[in-house]
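A.B. asks: just coords:
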């Protein structure tokens, strides 16, 4: 049996896409279990985002604010979406169901791709995690 190659492991683990936010590159995790789109509070300044301040008083998690109508580009797709700004250790940006529904995008793990069926239909190949990279991450936001 040939030795395993290091680098990306096709078809295993999480799915990522390289996108541009306000013209700046960032890697996003695609998460069908996330109801909204999230961006790490550490990326707000670098990406030039303007926040609408909002706090959720709960022991679960503090939302630092909402970045509304943020310009993003993924392959040929260009559009706007909202991000909840939160403290995250593992990821910089998460595209959740809010994005997937708004853009009529289906996630296809069997082909490591996203199929965008909106105004400019296209297929975006996802990036697999590096060999040995494993995550268990949970983020819970509650409203009072």
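C.D. replies: Ah, there it is. Quick caveat, the model's predicted, so the values are computed rather than measured.

A.B. asks: mind listing the strands for this protein?
C.D. replies: With DSSP state E as the criterion, the chain has strands at 15-21, 24-30, 38-40, 52-53, 65-74, 77-86, 93-95, 105-108, 113-116, 122-125.

A.B. asks: looking at the ones you listed, which one has the lowest mean pLDDT?
C.D. replies: Ranked by mean pLDDT, these end with strand 52-53 at the bottom, a mean of 78.

A.B. asks: Could you find the closest non-adjacent residue to the residue nearest to the spatial centre of the chain?
C.D. replies: With distances taken as CA atoms, centre = their mean, residue 94 lies nearest the centre of the chain, 2.4 Å away. Spatial nearest neighbour of residue 94, chain neighbours left out: residue 38 (4.4 Å); criterion: CB to CB, 6 or more residues apart in numbering. In short, each C-beta sits where N, CA and C put it, glycine included.

A.B. asks: quick one: the one you found from residue 107, how far?
C.D. replies: With distances taken as CB to CB, to the nearest Å, residue 38 is found 17 Å from residue 107.

A.B. asks: Could you double-check that residue 87 lies in contact with residue 38?
C.D. replies: No. Using CB atoms under 8 Å, residue 87 makes no contact with residue 38, being 10.1 Å away.

A.B. asks: quick one: which of the two has more around it?
C.D. replies: residue 38 (25 against 12; other CB atoms under 10 Å).
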